[in-house]
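Enquirer: Predicted coordinates and the sequence they were generated for:
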Amino acid sequence: MTDTTGSMPTGERRQPADRLVANRLKRAQGQLAGVIEAVESGADCREVVQRLSAVVGALDRAGFLIISHAMQDCLSDEAASEGAHAGDSEGEDGRRLTLDEVEKLFLSLA
């Protein structure tokens with residue numbers, strides 16, 4: 001389904017992205033369960049740290065994926081509206097995110 005500008009509405013574009021993010025977070029959740037199990041079983045600290053590093057990496061990738069899709073939405077919205085709300089992406093609460101806000105979110109992950 002497309003809107004009057006010929007592009008797919010933001011909500012429909014986000015559904016596959018949201019699914020990817022959810023899958024990454026579920027993977028991180030499973031990895032975190034492995035860390036907890038390793039700690040509880042008295043595993044070697046190297047193994048625990050290695051598993052914990054995998055969790056941190058998975059969470060970082062999920063965060064960057066969220067920001068990446070927000071930036072893509074911003075660019076798509078800007079192109080579709082030809083300047084109206086240029087550089088904004090709608091957040092979950094319906095409030096539009098500015099490119100500055102997206103940039104701050106991105107940098108908070110660094």
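Expert: Structure received.
Enquirer: Low-confidence regions, the chain specifically.
Expert: Residues of the chain meeting the criterion pLDDT under 70: 1-14, 74-96.
Enquirer: Now do the strands in it.
Expert: For the chain, the strands defined by DSSP state E occupy 89-90, 96-97.
Enquirer: Identify, by residue count, the longest helix of the chain.
Expert: When the chain is parsed with DSSP state H, its longest helix is helix 45-81.
Enquirer: show me the contacts for residue 61.
Expert: By CB atoms under 8 Å, 6 or more residues apart in numbering, the contact set of residue 61 is residue 24. Placement of C-beta: from N, CA and C, glycine included.
Enquirer: Distance-wise, check it relative to residue 55.
Expert: Using CB to CB, to the nearest Å, residue 61 is found at 11 Å from residue 55.
Enquirer: ditto for residue 35
Expert: With CB to CB as the criterion, residue 35 and residue 55 are 6 Å apart.
Enquirer: Mutual contacts of the two, please.
Expert: With CB under 8 Å, 6+ apart, residue 35 and residue 55 have no common neighbours.
Enquirer: neighbours around residue 66, how many?
Expert: Residue 66 has 19 neighbouring residues, counting by other CB atoms under 10 Å.
Enquirer: wouldn't residue 17 be in contact with residue 69 here?
Expert: Yes. The pair residue 17 / residue 69 is scored as a contact, 4.1 Å apart, by CB atoms under 8 Å.
Enquirer: more crowded one of the two?
Expert: residue 69 (19 against 16).
Enquirer: The more buried one and residue 16 touch, don't they?
Expert: No. Counting by CB under 8 Å, residue 69 does not reach residue 16; the two are 9.2 Å apart.
Enquirer: What residue, apart from its backbone neighbours, is nearest residue 102 spatially?
Expert: In space, and not counting its chain neighbours, residue 102 is closest to residue 70: 5.1 Å by CB to CB, 6 or more residues apart in numbering.
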